[in-house]
Structures are given as C-alpha cells and as structure tokens.
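>>> structure, please.
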Amino acid sequence: MTPITVQSTAELPTPTAVAHSKRPKDYEWKAVTLMSLGLGLVGIDRFLIVPLMPVLMRDLKLDYQDLGHITGALAIAWGLSSLFTGTLADKVGFKRVLVPALIGFSMLAGLSGLATGVGSLIVIRALMGLAEGAFTPASIIATMDASPPRRHGLNVGIQQMMPALLGLGLAPIAVTQLLKVMNWPWIFLMVAVPGFVVAYLAQQVLRQPTPDEVAIHSMTHDASTHQWHEVFKFRNVPLGVVCQLCWLTCIVVVAALFPNYLVDYLHLDLQSMGFILSSLGFGGALGSLLLPALSDKIGRKPVMLISVAGGFVAFWIFFRTGAAPLQLFLCLMAAMGCLYALLTLTVGPVSAEAVPAQLMSTASGMIIGIGEVFGGGLAPALAGYLAKNFGIQHAITMPLWALAAGAIAILALKETAPIRQKGER
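Coordinates of the predicted model:
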C-alpha cells in the first residue's frame, strides 16, 4: 500500500507565490522600471515649464497672473482626472488607462512648444493635466501588482522618487543648459519622445491581472465587485484624504512662499536662494526611496509617524535659522524627504492595501484628486492672505500646523503592512 504523505501548511505555496510564479522572472523589475520612468516623465513635463517661465513671459507676452492661471489649470485638471479615472482603471484594468495616458501627456507636452499665447498654453496644459491625472493612480497600482506585498513600499517608493529627482532636481539644470543651444519650442518637442517609447514598452511588457491576482495585494483579499462610493467605508481612504491635504499644504506653501522668504525676509541673493531650493528635488527623491522601503520592515504607521516628526523638527529648525544657506539647504532637504515619504505611503500602500481589489485605483485616485484640487488650490490662497496681512515670516509656519494635523490622522489609520498583519512572519 502506498504511504500517504501529508504536507505541512508551512510548506504549501502561498497565493502570492502562486500568482507571481506564473509571471516571467524579470517582470517585476521591468514593470517597476517602466512605471518609474513614466512617472518621472510626468514630473519632467509638469515642472519643465518652471525654468522656462522667464523666456515664455518674454516671447508670449505673459504676466504673473497668466503664470498662475497656467499652473492652476494643470493642477485642477490633474485632480479632477484622478478622481474619475481611478475608478475607470478598476473597471477596465490599469493597462488600458495608463498606456493611452502616457501617449496623451507626451503628445501634449510636445504641443506646448507650439503654443502662441496664454489661451492656447492654458488649454494644452489643462489637457495634459487630465492625462497625467489618469496615469498616476493607475501606474501606482501597476507597480504594486508587479511587486510582492513585502516590497510594496520599496517599489512604490522607487517610482515616486522619479518625479522629484527628474522633475524638480535634474530638469531645471538640463533646461537652462539646453536653452543655450536651442529655442524653447524644441525643448518641449524633445521631451515628448521618451514618453512614446515608454508607452510602447509598457504595452508590450505589462500584463493585466485578474481580480483574484490583484486581491493578494490587499489586506482584505476581497476580489468581489464593489461600487466606487464604497471606497469611503474603509477608514484609510477618508483619513488618507486628510493626510494628503496636510502634506500638499506643506509642499505648496514651500513652493509658493519660500523663495520670497529667502530673498525678501532673509535677504539672500538669487544664487543662494536657488541653491537652497534645489534641495526640494533631491530631498524628495531620497525620502521617497528610503522611508517607504523601511515601512516594509517595520510597518506603515511607524514610518509615517517618524516622517511627520522629522518634517516638523526640520521645519522648526529652518524657521529659526538665519541667512545661512548650507544649514537652510540641509533643513529643507530633510523636511522634503519626510514629506515625499508621507505622500508616497498615503497615495500608495496605505490606501491601496486597505481596500478590496476592485477599489485600489479608486482609493488612490480619490486621495490624489481631492488633495490636488483642494490642497493645491486653497493652501496657496490662505498662505498668500497670511503673508499679505501678517507678514511672510508668519505665513511660512503653516507647514507646522499641517504636520500636526496630519499626525493626528496617522494615529487613526489602520496598519496595512503585511509584516504587521496576523500570521505574517
């Protein structure tokens, strides 16, 4: 009689291992690389216009109010698009949303070089915001799908570091150098090309998982169908919206007021101001890479609390530092690193891991969209009012209040890291 061999449950393959064993061994790094490059291009296309503003003002006869309208049109369109296309990606699959979005924002980035005035530039940038807003939540879920749950934080962090590194860190340097050898329309046209290449490769490489395969990336393991509004029944989503508003308030206030604070209040020269502000991109990139990866090891909430405390202390020291460029650079670099880590975890693992498979893109899109529309719209208006009526040195303390509010929301979040779940080792 043939003996019966009983296999222990510890030796049985997990659902995660089974799902990922069906994929090519190099799928993870290929998909994460493509989604990182795609989001990096989003950062370049969005922030490329900033160092070009003086040239655009001269050639297109723009004024400061026009610059505000151009920037605001893209931000609002981005937010509204994320609100709706996150749900669309859950219904039709992230690949069917992000590949057309890649093609769309790359084409529109190139068309920016053909703008003839403020009207055409606002329309083009708003349409570009719609495409970029569609790409962002879908790309986050594509990155998580390609990753084992134990590497969600690391891989989403790699993806999220690229807009800061390329858009805020390297693009201004490259653009100012390119202006020496070519006119600004050619720069816009040139940056469109990589987007088409990434879109083609994404179409070839990315796979569209089944709901059951997506469900392994959620702590609910729920692959059933849900209505979009059910996403707010999961407390990490409304709390994530609050967090995102806090983090974006900090970032928007830094972008809107800190240059003038450094020049007008601390009386630094333009070169010193530029040196200090260069910390935004490099600090954001480091924070996005290192801290979310740490959350895979010790949990999402502990890292978010460490980040919010680190950001608070860094801003506190910054506000008490005089006209010392190196110290200001280091403080702002640390603060932005913590803020970008908070952004990465909020729109990625903390929200997507907390909801059923059919609501993952919806959750990320809702948080990104509401945060972009209201955080990007209301925060600078309030900061400007405070600066005008009470002095810029008081208005720039808004990040301290925002971080304190965000810390309270973090305490109420539900932990989603696999290592912190029952039964995980």
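>>> alpha carbons only: can I get stretch 69-89 in PDB?
Extracted as PDB, the C-alpha positions of stretch 69-89 are listed here (Å, rounded to 0.1, in the frame of the first residue of the first chain):
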ATOM      1  CA  HIS A  69      -3.600  80.500 -14.400                       C
ATOM      2  CA  ILE A  70      -1.300  78.100 -16.400                       C
ATOM      3  CA  THR A  71      -0.100  76.400 -13.200                       C
ATOM      4  CA  GLY A  72      -3.600  76.200 -11.700                       C
ATOM      5  CA  ALA A  73      -5.200  74.800 -14.800                       C
ATOM      6  CA  LEU A  74      -2.900  71.800 -14.900                       C
ATOM      7  CA  ALA A  75      -3.300  71.200 -11.100                       C
ATOM      8  CA  ILE A  76      -7.100  71.300 -11.200                       C
ATOM      9  CA  ALA A  77      -7.400  69.200 -14.300                       C
ATOM     10  CA  TRP A  78      -4.900  66.700 -12.800                       C
ATOM     11  CA  GLY A  79      -7.100  66.400  -9.600                       C
ATOM     12  CA  LEU A  80     -10.400  66.000 -11.400                       C
ATOM     13  CA  SER A  81      -9.000  63.400 -13.700                       C
ATOM     14  CA  SER A  82      -7.600  61.300 -10.800                       C
ATOM     15  CA  LEU A  83     -11.000  61.400  -9.200                       C
ATOM     16  CA  PHE A  84     -12.700  59.700 -12.100                       C
ATOM     17  CA  THR A  85     -10.000  57.700 -13.900                       C
ATOM     18  CA  GLY A  86      -9.000  55.800 -10.800                       C
ATOM     19  CA  THR A  87     -12.500  54.200 -10.900                       C
ATOM     20  CA  LEU A  88     -12.200  53.600 -14.600                       C
ATOM     21  CA  ALA A  89      -8.900  51.800 -14.100                       C
END
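>>> tell me which residues of whichever strand or helix holds residue 127 come out buried.
Residue 127 is part of helix 118-146 when elements are defined by DSSP states H and E. Within helix 118-146, the residues that count as buried by 16 or more other Cβ atoms under 10 Å are 118, 121-122, 124-146. C-beta here means a position set from N, CA and C on the backbone, and glycine is covered the same way.
>>> so how far is residue 141 from the nearest residue to residue 81 once chain neighbours are set aside?
In this structure, residue 81 finds its nearest non-sequential neighbour in residue 133, 3.0 Å apart by Cβ to Cβ, 6 or more residues apart in numbering. Going from residue 133 to residue 141 by Cβ to Cβ, to the nearest Å gives 14 Å.
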